[in-house]
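Asker: pasting the structure only:
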């Protein structure tokens with residue numbers, strides 16, 4: 001019986017290893033590799049498994065690189081558009097306003113019905129210019145906050161939250177942002193900013209929440225048997241609102257009537273170079 005136990009153990013151990021490896025793949029740990037057993041039949045299985053894991057790992061790397069290039073291209077386009085709005089549209093609107101103001105000054109020195117009509121038209125023109133300037137500033141801020149990259153990321157995010165708190169005093173906002181670098185590069189800084197901006201917008205529009213808690217920090221991911229932990233940024237936005245619509249698809253981190261929690265994790269292993 002002891003001999004049979006040993007023999008069965010030698011046969012089942014590689015199969016158990018394969019089962020654990022498949023569980024790792026299911027958890028998207030594509031760096032897992034299985035040791036090659038002595039039995040040729042089982043060795044063929046582990047070889048195929050390792051080849052599959054290697055292919056999945058390479059494919060994930062290609063997808064991450066492609067996604068990074070797409071985000072970079074979008075950021076570059078936003079930067080160019082913001083630069084044109086700031087350097088071209090803004091000064092032109094300022095010039096229009098200056099000319100309209102000078103016309104209003106000249107009209108004030110005239111008399112008669114024509115002068116009054118001119119003053120009214122100039123007043124309308126100035127109102128339109130001011131509205132366009134407001135729209136231009138809003139578009140600039142949506143495309144790329146001017147402070148991003150010039151002041152610490154934490155300060156930019158806290159200012160965003162303070163701005164929302166001023167606009168919606170009925171909601172209590174709290175921010176915890178520790179262990180942050182000054183900047184993680186344009187792509188990551190802007191991604192974190194947009195995620196927080198969109199999350200707060202959704203809370204304000206849909207959640208009917210009274211309290212919103214924002215947490216952002218840098219920490220190490222949990223290591224496993226096949227890979228060391230890596231540094232990552234984690235942004236969490238929680239509210240005590242009405243939660244996800246019960247008619248919507250389940251599984252989005254929310255229970256009806258129990259608020260909503262949004263969690264974004266960004267690996268930082270490529271941002272240190």
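Answerer: In hand now; what should we look at? Quick caveat, the model's predicted, so the values are computed rather than measured.

Asker: name the element residue 181 belongs to?
Answerer: Under DSSP states H and E, no helix or strand contains residue 181.

Asker: how close does it sit to residue 188?
Answerer: To residue 188, residue 181 is 10 Å away according to C-beta to C-beta, to the nearest Å. Yep, even glycine has a C-beta here, placed from its N, CA and C like the rest.

Asker: of these two, who's got more company?
Answerer: Neighbours were counted for residue 181 and for residue 188 using other C-beta atoms under 10 Å; residue 188 has more, 19 against 16.

Asker: Just give me how far the helix or strand where that one lies sits from the chain centre.
Answerer: Element membership for residue 188 (DSSP H and E) is helix 186-202. Distance of helix 186-202 from its chain centroid, counting by C-alpha atoms, centre = their mean, to the nearest Å, is 4 Å.

Asker: Run through the neighbouring helices and strands of it.
Answerer: For helix 186-202, the elements it packs on are helix 40-84, helix 153-167, strand 211-220, strand 231-239, strand 260-267, judged by 3 or more C-beta pairs under 8 Å, 6 or more residues apart in numbering; DSSP states H and E.

Asker: out of these, deepest packed?
Answerer: Most buried of the helices and strands packed on helix 186-202 by mean neighbour count (mean count of other C-beta atoms under 10 Å) is strand 231-239; its value is a mean of 19.

Asker: That strand pairs with which strands, parallel or anti?
Answerer: strand 211-220 (antiparallel), strand 260-267 (antiparallel) (DSSP bridges).

Asker: Sketch out the low-pLDDT regions of the stretch 101-250 of the chain for me.
Answerer: Applying pLDDT under 70 to the stretch 101-250 of the chain flags the ranges 221-229, 245-250.

Asker: rerun at 90
Answerer: In the predicted model, the stretch 101-250 of the chain carries pLDDT under 90 at residues 104, 106-116, 136-151, 159, 163, 178-191, 194, 206-208, 218-232, 241-250.
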